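J.: sequence first, predicted model second:
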Amino acid sequence: MALATVFRRNDDGEGGWRLSLTARILAVNIFALIVLAGGFFYLDSYRTQLLEERTAEISTETELAASAAAGVAPDALNPLLEKLGQASGYRFRLYRDAGAPVDSWSNGQPSYVLRDPNEEPWRRHVARFMDRVIDHVVGAEVPEPFVEPDVDRMRAWPEAIRAMKTGQIQTAIRRAPARTPVISGAMRVGGRNPGVLLLTSDQRDVVHTVRAERFWLGLVLLATTLLSIALSLFLARTIARPLRRLALAAHRVRLGRSREVQVPRLPSRRDEIGTLARALSDMSQALRQRIDATEAFAADVAHEMKNPLASLRSAIDSLELVKEPELRERLLAVIRDDVRRLDRLITDVSEASRMDAELSRARFESVDMGHMIEQLVDAREARGLPNGIKLAFGRPHRGSAVLFGDGQRLARAIENLIDNAISFSPPGGLVQVTAMRDGQQVVVRVEDDGPGVPPGERQAIFNRFHSIRPEGEAFGRHSGLGLAIAKAIVEGHTGTISVTDRDDDNQGARFTIRLPAAEK
C-alpha cells in the first residue's frame, strides 16, 4: 500500500498529517490480531502448568522408587533401578556417603539422550530462537543449565544434599543444552539400602507440545492476518475510495468549479454511501442551477436598470440646454418618473433576491387563507380601486382553508396577483378572488375580465422582468417582478402557481395557486 494512502495532509488549514480511513480500518483489525497474538504468551503459562504437573509426577515416582529401594537386598538394588529406568524412561541413582552411585544406566543403556544443538537441523535452531524471544518478552525465569558432573557424587546435586538433611522430597528444574527441561527429584532412603535416591528426567515432550501449539497458533494467526488485511482492503475499496471521490468532487465545487464537476452518483450503491453520493450530486446540481439563476438575474437586473438610467442621463443632459420653462418642466417630469422607476425596480429586485433565503429561515405557522385574503381585500378597497373596478371575494367556511406557512409572504403573493388582475381589468371590470379546500390542498384563484394570457406566454410571465402590459399603459410603471415574486413564495411553500383562461364564457385570465393544506 502506498504511503500516501495511509498518511494524508489535513485540508482544514491546520497542517500536519492524519491517518486515512484505510489505515484506520487496518489499525482496528490489526489491534484485534494483536489480542489474538497474545495467545503466544498464554503458552508460557501453559508450559509452566505442564512443568508443575511433571514435577508432581517426578515427586511421586521418586517416593515410590525410594520405598522400593529401601526394601530390596543390596545385591538386587542395581537390577531394580535398571528395570525402573527402562519402564519409566527416567534415570535412577542411589548415593551412599561420598562414593559413586548405584546407577540405572550402569549397563550402558540410557533411558534418554541429551541432544547436542549443533548437530540438529536448522528448524530446531529457529524453534529455539522463538523460545528465547518469547521467554524474553514475557520475562520468564530461565532455569540454570543442566550439566552432568565430571565426578558423579552426591555433593554435585544440591537437591540430594537438601533431601539428606531434611528427609523430604526435593525437586529441581534445569535446562538442557537443547533448551529442554530436565526435572530431578531426590529423597532420602532408609531400610536395607540407606542413602539418597536421585531421579532425573528429560521432559522433551513438554517442549514439543508447546512448540506444536505455537505452530498451529501461528498458522491461525497468519491466516487471520491475511484475511483481515484482505477484508480491510475490501472495506477500504468499498468505503474509503468512493468517499475520496466524493470529497474530491466537493473540493472542486468549493473552489468554484461547479460547472466542471460531475459528482458521482454511484447508482449501483444501495447503501448509505450511495445515498450520500446521490444527495451530494443533487446538491451540486441545485447549486449549479442557483449559480446560473443568480448570474442570469444579475444580467437581467443590469439590463433593466440601463433603460431608466439612459433615459435619466439623456433628460439631465438636455436639461442644461433647454431654456423654455415648459420644456424644462417636461424634462423634470421625465427625471422624476425615471427615479421612481429606479426606486421601484431596486425595491423589487432587493425583495426578489432575498426571497429564497428568507423563506428557508422562516418559521411556518398556521395560516387561515380565508381570513387573510378577506383582510387584504378590505385594505385594497379602502385604498380605492381605479377605473371603477370592483373586487369580490368568495370567503370559504371558517377554518377550512388552513395551511402552514409564512403569512406575510403569502399575503404578498396574493396581493401581487390582485394588483396584476386590477392592472389588466377594463374600466368597470370585476376581479374575483376565491379560496377553498380541495382534498389535501388549499386552492386560491384570482380571475379578471382582461384580455387573458396568450398560451405561449403562460410560463414566461413568471420569469423575472418579463411583462406583458395592457395597451395604453405608460411604459415602466411595473418592474416585471410581481409574478416572479409570487411564484417564488408559492414554490417556497411547496405549492404551484399557474395561469389559464377562465372556464366560463367571460374573457379573462385565471391564476390558480395550490398549497398543501394543514391536517385536520
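T.: Sure thing, it's come through.
J.: run through the helices of the stretch 51-200 of the chain in chain order.
T.: Taking DSSP state H, counting those that start in this stretch as the test, the helices found in the stretch 51-200 of the chain are 77-88, 122-138, 158-166.
J.: averaging pLDDT over each of the ones you listed, which comes out lowest?
T.: Mean pLDDT is lowest for helix 122-138 among the helices of the stretch 51-200 of the chain, at a mean of 75.
J.: about what we covered before: let me have the helices of the stretch 51-200 of the chain in CSV, extended by mean neighbour count and distance to residue 67.
T.: The way it works is simple: take the backbone N, C-alpha and C, and place the C-beta from them, glycine included. Shown next, in CSV, are the helices of the stretch 51-200 of the chain (neighbours: other C-beta atoms under 10 Å; distance: least, C-beta to C-beta, whole Å):
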stretch, mean neighbour count, distance to residue 67
helix 77-88, 18, 11
helix 122-138, 13, 37
helix 158-166, 17, 14
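J.: show me where pLDDT drops low in the stretch 351-500 of the chain?
T.: Counting by pLDDT under 70, the ranges of the stretch 351-500 of the chain that qualify are 351-361, 465-480.
J.: residue boundaries of the helices in it?
T.: In the stretch 351-500 of the chain, the helices defined using DSSP H, counting those that start in this stretch lie at 369-383, 407-424, 482-492.
J.: buried residues in the last one?
T.: It refers to helix 482-492. Buried residues in helix 482-492, counted by 16 or more other C-beta atoms under 10 Å: 482-490, 492.
J.: and that helix with helix 407-424, angle?
T.: Helix 482-492 and helix 407-424 are oriented at 150 degrees to each other (axes from the mean of the first three to the mean of the last three C-alpha atoms, to 10 degrees).
J.: show me what the longest helix that the chain contains is packed up against.
T.: As assigned by DSSP state H, the longest helix anywhere in the chain is helix 272-319. Helices and strands touching helix 272-319, by 3 or more C-beta pairs under 8 Å, 6 or more residues apart in numbering; DSSP states H and E, are helix 241-254, helix 325-361.
J.: any chance of the helices of the stretch 351-500 of the chain in CSV, plus distance to residue 515?
T.: Supplementary listing: those in CSV, determined by distance: least, C-beta to C-beta, whole Å:
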stretch, distance to residue 515
helix 369-383, 8
helix 407-424, 8
helix 482-492, 7
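J.: residue 101: which of those is closest?
T.: Shortest distance between residue 101 and the helices of the stretch 351-500 of the chain, using C-beta to C-beta, is found for helix 482-492: 107.1 Å.
J.: packing partners of the closest one?
T.: Applying 3+ C-beta pairs under 8 Å, 6+ apart, one finds that helix 482-492 contacts helix 325-361, helix 407-424, strand 496-501.
J.: mind putting these in CSV, mean neighbour count and distance to residue 372 included?
T.: As requested, the helices and strands packed on helix 482-492 are arranged in CSV below (neighbours: other C-beta under 10 Å; distance: least, C-beta to C-beta, whole Å):
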stretch, mean neighbour count, distance to residue 372
helix 325-361, 14, 17
helix 407-424, 20, 6
strand 496-501, 16, 17
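J.: put together a markdown table for those, with distance to residue 434 on each row.
T.: As requested, the helices and strands packed on helix 482-492 are arranged in a markdown table below (distance: least, C-beta to C-beta, whole Å):
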| stretch | distance to residue 434 |
| --- | --- |
| helix 325-361 | 25 |
| helix 407-424 | 11 |
| strand 496-501 | 14 |
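J.: quick one: which of those is nearest residue 171?
T.: Proximity to residue 171 (C-beta to C-beta) singles out helix 325-361 among these, at 85.1 Å.
J.: what's in contact with stretch 389-402?
T.: Stretch 389-402 is contacted from outside by 366-371, 373-374, 377, 380-381, 385, 418, 422, 425, 427-437, 442, 444, 517-518, using C-beta atoms under 8 Å, 6 or more residues apart in numbering.
J.: which of those residues are buried, as a ChimeraX select command?
T.: The ChimeraX selection below is limited to those of these classed as buried (16+ other C-beta under 10 Å):
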select :367,368,369,370,371,373,374,377,380,418,422,425,429,430,431,432,433,434,435,436,437,442,444,517,518
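J.: weakest of the helices and strands packed on helix 272-319 in terms of mean pLDDT?
T.: The weakest mean pLDDT among the helices and strands packed on helix 272-319 belongs to helix 325-361, with a mean of 75.
J.: for stretch 456-463, measure first residue to last.
T.: 13 Å (C-alpha to C-alpha, to the nearest Å).
J.: between the helices of the stretch 351-500 of the chain, which one is nearest to residue 323?
T.: helix 407-424 (38.2 Å).
J.: what helices and strands are in contact with that closest one?
T.: helix 325-361, strand 365-368, helix 369-383, strand 430-438, strand 441-447, helix 482-492, strand 509-516.
J.: now render these as a markdown table, adding distance to residue 199.
T.: Output for the helices and strands packed on helix 407-424, formatted as a markdown table (distance: least, C-beta to C-beta, whole Å):
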| stretch | distance to residue 199 |
| --- | --- |
| helix 325-361 | 92 |
| strand 365-368 | 97 |
| helix 369-383 | 106 |
| strand 430-438 | 105 |
| strand 441-447 | 101 |
| helix 482-492 | 97 |
| strand 509-516 | 96 |
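J.: quickly note the distance from the residue lying farthest from the centre of the chain to residue 193.
T.: Relative to the centre of the chain, the most outlying C-alpha is that of residue 75, 85.1 Å out, by C-alpha atoms, centre = their mean. The span separating residue 75 from residue 193 equals 10 Å under the rule C-beta to C-beta, to the nearest Å.
J.: with residue 235 instead?
T.: Separation of residue 235 from residue 193 (C-beta to C-beta): 73 Å.
J.: between the two, who's got more neighbours?
T.: Each of residue 235 and residue 193 has its neighbours counted (other C-beta atoms under 10 Å); residue 193 has more, 21 against 16.
J.: now flag whichever of the buried residues of helix 482-492 is closest to residue 222.
T.: residue 492 (62.4 Å).
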